[in-house]
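Asks: Coordinates only, no sequence provided:
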């Protein structure tokens with residue numbers, strides 16, 4: 001595990017938002033706005049907005065909560081190939097994580113969650129899926 005540089009930028013940034021109607025949302029962003037679909041994860045679809053910026057929309061189940069982290073709230077996702085190093089660095093700085101780094105087979109990602117001072121959920125994540133633009137950052141476990 002390497003220590004991220006003090007000024008190291010993240011590789012990408014995805015803002016995930018819950019969607020009550022993923023099909024209508026997808027049609028709007030793909031057809032009306034013309035955003036390219038970067039990755040379809042089934043329950044979540046991610047659109048490229050700039051070279052390293054993305055919007056992700058995740059289907060909400062009938063009960064209402066988002067299928068991402070069980071919450072119906074925005075999630076700021078910072079993409080990096082070294083989730084463990086960021087987790088260690090931020091933990092050493094006294095930040096508390098809601099979840100430690102873990103592999104999520106449903107979305108083929110490795111990630112952890114913490115909250116910023118405003119209460120927003122921040123996800124530090126690596127894509128294992130080689131379909132992610134730029135390729136997956138980590139091999140799949142196991």
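Replies: Right, received. Where do you want to start? Nothing here was measured: the structure is a model prediction, and the numbers come from that model. Residues are numbered from 1 along each chain as shown.
Asks: residues of the longest helix seen in the chain that come out buried?
Replies: Among the segments of the chain that qualify as a helix by DSSP state H, the longest is helix 83-92. Within helix 83-92, the residues scored as buried using 16 or more other C-beta atoms under 10 Å are 83, 84, 85, 86, 87, 89, 90. No exception for glycine: its C-beta is placed from N, CA and C like everyone else's.
Asks: Tell me where the protein has helices.
Replies: Per DSSP H, the chain carries helices over the ranges 22-27, 83-92.
Asks: mind putting those in JSON lines, mean pLDDT and distance to residue 130 included?
Replies: Shown next, in JSON lines, are the helices of the chain (pLDDT from 0 to 100; distance: least, C-beta to C-beta, whole Å):
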{"stretch": "helix 22-27", "mean pLDDT": "95", "distance to residue 130": "22"}
{"stretch": "helix 83-92", "mean pLDDT": "94", "distance to residue 130": "17"}
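Asks: I'd like those laid out as CSV, including distance to residue 119.
Replies: Listed next are the helices of the chain as CSV, based on distance: least, C-beta to C-beta, whole Å:
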stretch, distance to residue 119
helix 22-27, 24
helix 83-92, 17
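Asks: Nearest to the spatial middle of this structure, which residue is it?
Replies: Ranked by distance to the mean C-alpha position of the chain (C-alpha atoms, centre = their mean), the top residue is residue 77 at 4.0 Å.
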